[in-house]
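Undergrad: here you go, sequence then predicted model.
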Amino acid sequence: MSKVKSKYVCQECGSVSPKWLGKCSDCGAWNSFVEELDVKPVKAATLDIGNASQPQKIIDVTFDLEERYSTQIKELDIVLGGGVVKGSLILVGGDPGIGKSTLLLQVAHNIASSKRLVLYVSGEESVKQTKLRAQRLGVDSENLYIVAENNLEKIKYHVENLKPEVLIVDSIQTVYGPEIASAPGSVSQVREATNQFMNLSKKNGISTFLVGHVTKTGTIAGPKVLEHMVDTVLYFEGEGHNLFRILRAVKNRFGSTNEIGIFEMTNFGLQEVDNPSKIFLSNTMIKEAGSVVIPTLEGTRTVLVEMQCLVSQTNFNMPRRMAVGIDYNKLILLTAVLEKKAGMMLYNQDIYLNVVGGMTIDEPAADLAIIVAIASSFREIKIPDDMIVFGEVGLTGEIRAINQVQQRVNEAAKMGFKKALIPHANLDGLNRPENFQAIGMKHIEEVFKYFF
């Protein structure tokens, strides 16, 4: 009888080692190697060429538009690109307790209410626990079936017997294949389970939602190939103490990856937020020095966000720079522009920058708002309450044009703002709303003359 051999597999990147290592030489993760049995694959049968697919010209390929159906949750449909595509594989990730299971149970109820058969597989909760959450959310559709199961083969058996149109697996890290010796959640198990669900979805036209755990760094736990295999990857963003959740698509084969969905956690589950700008603006309209409102683009929508800055004299040799919601390097760069081109002495000042509401802004249109916020706090001069600021700033201090200016101005006017400080190049062709003033600037020196 041959001796059973084992190998050690990194749970972060899938690297294989003949012995245990404290640190992975490929990805640098610590204590990530787990022992797995080295099972030799079964020798494949002789290839049948007669049943193989044949190459064809791309101009001869015909197809129908993908069939979609709504989840009846507008924000989720926007992120998915217009609804759930039949036969698609969707991965939903996020921190524990952020609302993944809650949202998918609501989705299951809405789809089942439209006379589609839904199977909800819970690998972490019992059927009674799922029922308690369903009662709280008002989920009571007759077409929704739930089962508590971890065995991959048994799940496939239920799917083949029930023949659902939508399958929800919560979560993929708890599912295991009995033919694989490693523990549930390991690289081998996650990869094999995802591959089986992918084949099941494509073969039978089942739309499958997979819940994925995340690591302490916020990425999906398991091998990166998990995200490559699925059609769509959705991430839940937000803090546990914050009622608002942001659902973002980081991969979507059937739509844009620039869209976000905004939800509010309530006693009755996740509710859609109709006007995102309201939740990101301060509760009081009386702004202090260092507060600036910027219209930022998230996909096809414009969201008004408040940016706050605090500049105070430091007591240390090296001043602190801290940014939340803005790239730290961008804060350093624009601070240098202020010192060089505007003569503002910030070498002995601590600078703290924060985007209200937990939003993250990574577009260059925020440059001018950052500069104005820093200068406003440093000079203790308030920015008008009815003004928005946006524009890209170069290293020489020039203010460059940005895109979608009309959309940003219209959203600001709808929220009651009367003025906009924008790049001068964007004034041409701008259709100003009624009683709305657009002020064009070419250089940050002009901004300082206007405000300070």
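TA: Good, I have the coordinates.
Undergrad: please count neighbours and contacts with C-alpha atoms only from this point.
TA: OK.
Undergrad: can you name the residues in contact with the longest helix along the chain?
TA: The single longest helix within the chain, with elements called by DSSP state H, is helix 187-204. Residues outside helix 187-204 that contact it (CA atoms under 8 Å, 6 or more residues apart in numbering): 9-12, 14, 87-89, 152, 172-173, 175-177, 180, 182-184, 206-208, 222-223, 225-226, 229-230.
Undergrad: ok, stretch 272-282 next?
TA: The contact list for stretch 272-282 (CA under 8 Å, 6+ apart) reads 73-75, 262-264, 293, 303-306, 356-357.
Undergrad: hmm, 6 Å instead?
TA: Identification of contacts with stretch 272-282 by CA atoms under 6 Å, 6 or more residues apart in numbering yields 262-263, 303-306, 357.
Undergrad: can I get the CA coordinates of that stretch in CSV?
TA: Output in CSV follows, covering the C-alpha atoms of stretch 272-282 (Å, rounded to 0.1, in the frame of the first residue of the first chain):
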residue,chain,number,x,y,z
GLU,A,272,-33.0,51.7,-0.5
VAL,A,273,-31.8,55.3,-0.2
ASP,A,274,-33.6,57.4,-2.9
ASN,A,275,-31.5,60.6,-2.5
PRO,A,276,-27.9,59.7,-1.7
SER,A,277,-26.8,63.3,-1.6
LYS,A,278,-28.9,64.0,1.6
ILE,A,279,-27.1,61.3,3.6
PHE,A,280,-23.6,62.6,2.8
LEU,A,281,-24.3,66.2,3.5
SER,A,282,-24.1,67.5,7.1
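Undergrad: sorry, back to before: are any of the contacts of helix 187-204 buried, and which?
TA: The neighbour count (16 or more other CA atoms under 10 Å) marks 9-12, 14, 87-89, 152, 172-173, 175-177, 182-184, 206-208, 222-223, 226, 229-230 as buried among these.
Undergrad: widest-spaced pair of the contacts of stretch 272-282?
TA: Greatest spatial distance in those: F263 and E306, 18.7 Å, computed using CA to CA.
Undergrad: centre of the chain versus the least confident helix or strand in the chain by mean pLDDT, how much separation?
TA: Least confident helix or strand of the chain, by mean pLDDT, DSSP states H and E, is helix 276-280 with a mean of 76. Chain-centre distance of helix 276-280: 18 Å, with CA atoms, centre = their mean, to the nearest Å.
Undergrad: the helix or strand just after it - what's its average pLDDT?
TA: Note on helix 276-280: by DSSP states H and E, the next helix or strand toward the C-terminus is strand 291-298. Mean pLDDT, strand 291-298: 91.
Undergrad: what residues does strand 291-298 touch?
TA: For strand 291-298, contacts defined as CA under 6 Å, 6+ apart pick out 259, 302-308, 373, 388-390, 408.
Undergrad: roughly how far is it from the heart of the chain?
TA: Taking CA atoms, centre = their mean, the mean C-alpha location of strand 291-298 is offset from the chain mean by 19 Å.
Undergrad: so which elements touch the next helix or strand after that strand?
TA: Of the helices and strands lying after strand 291-298 in sequence (DSSP H and E), the nearest is strand 301-313. On a contact count with 3 or more CA pairs under 6 Å, 6 or more residues apart in numbering; DSSP states H and E, strand 301-313 meets helix 276-280, strand 291-298, strand 349-355, helix 367-379.
Undergrad: how about the ones you listed in JSON lines, adding distance to G394 and mean neighbour count?
TA: Output for these, formatted as JSON lines (distance: least, CA to CA, whole Å; neighbours: other CA atoms under 10 Å):
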{"stretch": "helix 276-280", "distance to G394": "27", "mean neighbour count": "18"}
{"stretch": "strand 291-298", "distance to G394": "18", "mean neighbour count": "25"}
{"stretch": "strand 349-355", "distance to G394": "20", "mean neighbour count": "20"}
{"stretch": "helix 367-379", "distance to G394": "9", "mean neighbour count": "24"}
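Undergrad: tell me where the stretch 301-450 of the chain has strands.
TA: Ranges of strands in the stretch 301-450 of the chain, per DSSP state E, counting those that start in this stretch, are 301-313, 321-324, 349-355, 387-389, 392-393, 399-400, 419-423, 437-441.
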